[in-house]
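Novice: Would you be able to build a 3D model of this:
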Amino acid sequence: MQRPNAGREKRNCGRSRDFPAFGFADSGFGCGVSRSRELPGLSARLDKLCYHHGGASLPTDKPHAFVYFITIKNGSDRTVTFLGRKWVVQHSDGSRLVVEGDGIVGEKPRLEPGEQFSYNSYHVTGLDASAQGSFHGVDELGHRVHVVVPAFALSIPRA
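Specialist: Presented below is the predicted three-dimensional model:
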């Protein structure tokens, strides 16, 4: 059975060397079978979203940049090491971009209970879109865990 938008979907589903099977098979959010679980107390939130238009550094077909600031908080009773991330960006034309990879902005943060990790990154687009992400890791007991970033809109301001 072919999935909706399969012909227009761009995927970067190379498996992480450290964590070979990320994903949410039952939600269509992943590239493979889910082998991790949500750990109660782990949370991820969008702190800030900034918009930038144009400039020499942006491609002409994707002149809209959205810079997002994310915080992952470990409110659980276990130490968690995050090994990778996955983002799904759904564009207004129905196309979808899936990005999965090792680390979070080049780091593999280890969070003790009560600690948090904040970072920022960006997405460039030519269309309105929505983004949803997840971070994957392992707890101190060796269990694979994940935390989901709730979906947020990448809405291009209209003049």
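Novice: from here on, contacts and neighbour counts on C-alpha atoms
Specialist: Fine.
Novice: Flag the shaky bits of the chain, pLDDT-wise.
Specialist: 1-34 (pLDDT under 70).
Novice: can you map out the strands along it?
Specialist: With DSSP state E, the ranges of strands along the chain come out as 9-12, 37-38, 42-53, 64-74, 80-91, 96-102, 110-111, 116-125, 129-139, 144-154.
Novice: Rebuild these as a markdown table, extending it with mean neighbour count.
Specialist: Shown next, in a markdown table, are these (neighbours: other C-alpha atoms under 10 Å):
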| stretch | mean neighbour count |
| --- | --- |
| strand 9-12 | 15 |
| strand 37-38 | 14 |
| strand 42-53 | 16 |
| strand 64-74 | 19 |
| strand 80-91 | 23 |
| strand 96-102 | 20 |
| strand 110-111 | 20 |
| strand 116-125 | 15 |
| strand 129-139 | 21 |
| strand 144-154 | 20 |
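Novice: Surely Thr79 touches His143?
Specialist: No. Using C-alpha atoms under 8 Å as the test, Thr79 is too far from His143 to be in contact (11.0 Å).
Novice: Settle it for me: which of these two has more neighbours?
Specialist: Neighbour totals were compared for Thr79 and His143, and Thr79 leads with 18 against 14 (other C-alpha atoms under 10 Å).
Novice: which strand residues sit across from Phe66 in the sheet?
Specialist: Phe66 has these beta-bridge partners by DSSP bridges: Tyr51, His123.
Novice: what about it, distance to Gly75?
Specialist: The gap separating Phe66 from Gly75 is 28 Å, by C-alpha to C-alpha, to the nearest Å.
Novice: Noted, bye for now.
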